[in-house]
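Asker: Fold the following for me, if possible:
(one chain, ligands or ions: 1)
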Amino acid sequence: VVALLAIVALVACNNAEKQQAVSFKDIIPKPVLVKPSNEFFTLSKATGIFIHGENDTANAVARWFVAQIKPATGFELEINAMKGPDAKEGIHLTTSADTTLGKEGYELTITKEAINIAATTAAGWFYGLQTIRQLLPAAIEMNTTQNADWQIATGTIRDYPEYAYRSSMLDVARHFFSVEDVKRYIDLIAMYKMNNLHLHLSDDQGWRIEIKSWPELTKIGGSTEVGGGKGGFYTQEQYKDIVKYAQERFVNIVPEIDMPGHTNAALASYKELHSADSMAANLQANTEFNKKEDTAINLYTGTEVGFSSLRTKKPITYKFIDDVIRELAAITPGPWIHIGGDESHATKKEDYIPFMSRVQEMVIAHGKKVIGWDEIAWSTIQPNTTVQFWADAENSKMAVAKGAKVIVSPAKKAYLDMQYDSTSRIGLHWAAYIEIDSAYSWDPANYADSIKRDNILGIEAALWTETVTNMDDIEYLVFPRLPGYAEIGWSPVQGRGWNEYKVRLGLQAPRFKALNIDYYKSKLVPWA
Ligand code: TNX
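Answerer: Next up is the predicted model:
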């Protein structure tokens, strides 16, 4: 009887342990289909990663995973090429012929002996490994060796994204952020399977990307930021380094040059961009700013919007834009260049419309597709132009009628610079206070009458940085809202609900801690 009791106790104890391990149901973004089988695969230093067939991209993804888990486990997993189908213990990256998985989907089969990640492209392997990462204990995120059982629950997961474009925007113009900060941001969004980072590279307060044919842009325009700090900029080499780092994490960089408004930093850098040197020079709105003709325009470190404008009738304006787009396109392998177009209150509408139409053509001439804020809907929309809905659903409706796709980023729901509530230590609230439940509980395809599922390319959560000065500030506003936006972009709306999600979000807390993420501890979430 004593022996029997001991066995019962042992079993009970084992069960308790198992319950604490990460379940398939805890993953963010929520996978499409999960079937747990209630055993464990244990990762050890002997676990091999097997690449099936000749495959450089699979190798690169495997190397990313090896580096990712090395600090916490102390394991340096071996990557092996595997020619035949003979099953070996370990983690296998195999090619799937199942096109319903799409380019980013994956099928994960986990048994006690082996893990198989089947995908049609490398992105699928990467996302499968991101899921494995979340199935491991939170200690996997530590950067020192941890004493843990590296168990992974068994079963199958079939998963692919709802939207092709899942993104966050970082405004590096209002405050400048270092290459290291941007890389950390990329790591954090990639962890939740986002695949684009939109960098807002220019605004009234700063010009942040080296343009070799217009060197004063960074020398003068990059020399300050909101509040008068020293600002900064990325050299083209640094930008390429960011692009490469992002590519290795299946994140595409979308660079934005905002125009014709939000251009004070450029105008302050080059007098010829605003001086009255030709009869054709126009003065847009009758503001004090636009009356400044032959005098230099000062750098600006405040937070007003809508006062500056490129001169839409000056030929040099187009020479300038063409040079900028050419140089930017040459260092941007991704398909898009974002041309801004928002809040051009100092540009007459009759000038704005042909300007925005012409700039779109220029981007296309340099081999890229256009993204612009929703106001560009007023202009001639080129085939493949995408409009980013931030404020005015009517604009997006107009854009859709003209054939555009929409990126959904409504300020009231998806602006990461909005405060959680009136007590948030930084952030703005002109659009809304956005608590975690509000940030999560909406559907892009059901947000504005005029924008339907088929019109939507994806979702973007934007972080404007007027009040954000360092990485801690970034993390406080971005976390814990970001995983929710990632889930809205990835997981089918039918399976999403706040009451269930908040539990999963709470379970991310040990990961946030291990990653040293300074997150907002909302009272609405049961933090683990
Ligand atoms: C509006 S959103 C802006 C930005 C500001 C932001 C602050 C948009 C396209 N323009 O210039 O930084 O509000 O929340």
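Asker: any idea of the pLDDT on Asn14?
Answerer: Per-residue pLDDT puts Asn14 at 49.
Asker: Correction: the previous question concerned Leu428.
Answerer: pLDDT at Leu428 comes out at 98.
Asker: what's the answer for Ala285, then?
Answerer: 42.
Asker: same check, this time on Asp277
Answerer: On the pLDDT scale, Asp277 gets 47.
Asker: ditto for Ala448
Answerer: 94.
Asker: Does at least one residue of stretch 349-360 sit close to the ligand?
Answerer: No. Using Cβ under 6 Å from any ligand atom, stretch 349-360 stays clear of the ligand, coming no nearer than 13.8 Å. Every residue, glycine included, has its C-beta placed from N, CA and C.
Asker: mean confidence score for that stretch?
Answerer: For stretch 349-360, mean pLDDT rounds to 97.
Asker: Got the domain ranges for the chain?
Answerer: 22-159, 165-514 (automatic domain parsing).
Asker: Need those domains in JSON lines (columns: mean neighbour count).
Answerer: Listed next are those as JSON lines, based on neighbours: other Cβ atoms under 10 Å:
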{"stretch": "domain 22-159", "mean neighbour count": "18"}
{"stretch": "domain 165-514", "mean neighbour count": "20"}
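Asker: quick one: the helix or strand hosting Ile407 near the ligand?
Answerer: Using DSSP states H and E, Ile407 maps to strand 405-408. No. On the criterion Cβ under 6 Å from any ligand atom, strand 405-408 is out of touch with the ligand, staying 11.7 Å away.
Asker: following that strand, which helix or strand comes up?
Answerer: Counting by DSSP H and E, what follows strand 405-408 is helix 411-414.
Asker: can you list the residues of the chain near the ligand?
Answerer: Taking Cβ under 6 Å from any ligand atom as the test, the list of the chain residues beside the ligand reads 305, 342-343, 373, 390, 415, 417, 428, 464, 466.
Asker: So for Phe289, what's the pLDDT?
Answerer: Phe289 is given a pLDDT of 59.
Asker: need the contact list for the residue lying closest to Pro335 once chain neighbours are set aside.
Answerer: Nearest non-adjacent residue to Pro335, counting by Cβ to Cβ, 6 or more residues apart in numbering: Lys369, 5.1 Å away. Listed by Cβ atoms under 8 Å, 6 or more residues apart in numbering, the contact set of Lys369 reads 335-337, 363, 384-386.
Asker: In a markdown table, list the residues you listed along with secondary structure and pLDDT.
Answerer: A markdown table is the format used below for the contacts of Lys369 (DSSP: H, G, I helix; E, B strand; the rest coil; pLDDT from 0 to 100):
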| residue | secondary structure | pLDDT |
| --- | --- | --- |
| Pro335 | coil | 98 |
| Trp336 | strand | 98 |
| Ile337 | strand | 98 |
| Val363 | helix | 98 |
| Asn384 | coil | 96 |
| Thr385 | coil | 98 |
| Thr386 | strand | 98 |
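Asker: Name the member of those residues with the shortest distance to Thr317.
Answerer: The nearest member of the contacts of Lys369 to Thr317, counting by Cβ to Cβ, is Val363 at 15.1 Å.
Asker: can I assume the closest one is in contact with Ile325?
Answerer: Yes. Between Val363 and Ile325 there is a contact at 5.8 Å, judged by Cβ atoms under 8 Å.
Asker: shared neighbours, these two?
Answerer: By Cβ under 8 Å, 6+ apart, the residues touching both Val363 and Ile325 are Ile337.
Asker: And Asp204, how close does it get to Lys219?
Answerer: 17 Å (Cβ to Cβ, to the nearest Å).
Asker: Could you do Ile91 as well?
Answerer: 49 Å.
Asker: Equivalent analysis for Trp527, please.
Answerer: Trp527 sits 47 Å away from Lys219, going by Cβ to Cβ.
Asker: who are the neighbours of the one helix or strand Ser357 maps to, in terms of helices and strands?
Answerer: Assigned by DSSP H and E, Ser357 belongs to helix 349-365. Applying 3 or more Cβ pairs under 8 Å, 6 or more residues apart in numbering; DSSP states H and E, we find helix 349-365 packed against helix 315-330, strand 336-340, strand 369-373.
Asker: can you give me how far that helix is from the chain middle?
Answerer: 27 Å (Cα atoms, centre = their mean, to the nearest Å).
Asker: That helix vs helix 315-330, what angle?
Answerer: On the basis of axes from the mean of the first three to the mean of the last three Cα atoms, to 10 degrees, helix 349-365 is oriented at 40 degrees to helix 315-330.
Asker: Can you give me every residue that contacts Thr99?
Answerer: Contacts of Thr99 (Cβ under 8 Å, 6+ apart): Thr120.
Asker: pLDDT at it, what is it?
Answerer: In this prediction, Thr99 carries a pLDDT score of 93.
Asker: Can you add distance to Phe250 and secondary structure and give the residues of the chain next to the ligand back as TSV?
Answerer: Listed next are these as TSV, based on distance: Cβ to Cβ, whole Å; DSSP: H, G, I helix; E, B strand; the rest coil:
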residue	distance to Phe250	secondary structure
Val305	33	coil
Asp342	28	coil
Glu343	32	coil
Trp373	26	strand
Trp390	25	coil
Tyr415	25	strand
Asp417	26	coil
Leu428	31	strand
Trp464	25	coil
Glu466	30	coil
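Asker: will you turn those into a markdown table that also has distance to Ala21?
Answerer: A markdown table is the format used below for the residues of the chain next to the ligand (distance: Cβ to Cβ, whole Å):
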| residue | distance to Ala21 |
| --- | --- |
| Val305 | 49 |
| Asp342 | 47 |
| Glu343 | 50 |
| Trp373 | 45 |
| Trp390 | 41 |
| Tyr415 | 36 |
| Asp417 | 37 |
| Leu428 | 41 |
| Trp464 | 40 |
| Glu466 | 43 |
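Asker: Helices of the stretch 401-528 of the chain, residue ranges please.
Answerer: Secondary structure of the stretch 401-528 of the chain, counting by DSSP state H, counting those that start in this stretch: helices at 411-414, 436-440, 471-478, 481-490, 498-506, 509-514.
Asker: With mean pLDDT added, can I get these in TSV?
Answerer: Shown next, in TSV, are the helices of the stretch 401-528 of the chain (pLDDT from 0 to 100):
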stretch	mean pLDDT
helix 411-414	98
helix 436-440	98
helix 471-478	98
helix 481-490	98
helix 498-506	98
helix 509-514	98
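Asker: would you list the ones you listed in a markdown table and tack on distance to Ser379?
Answerer: Shown next, in a markdown table, are those (distance: least, Cβ to Cβ, whole Å):
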| stretch | distance to Ser379 |
| --- | --- |
| helix 411-414 | 22 |
| helix 436-440 | 31 |
| helix 471-478 | 32 |
| helix 481-490 | 27 |
| helix 498-506 | 38 |
| helix 509-514 | 42 |
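Asker: Looking at those helices, which is nearest to Val32?
Answerer: Nearest to Val32, of these and by Cβ to Cβ, is helix 481-490 at 8.9 Å.
Asker: what comes into contact with that closest one?
Answerer: Residues outside helix 481-490 that contact it (Cβ under 8 Å, 6+ apart): 28-30, 161-163, 165-168, 188-189, 192-194, 414, 416, 434, 436, 439-440, 442-444, 458-459, 461, 496, 501, 505, 508.
Asker: if I pick the residue of the stretch 351-500 of the chain found nearest the ligand, what's in contact with it?
Answerer: Relative to the ligand, the nearest point of the stretch 351-500 of the chain is Trp464 (3.4 Å; Cβ to the nearest ligand atom). Going by Cβ under 8 Å, 6+ apart, Trp464 touches 171, 174, 200, 415-417, 428.
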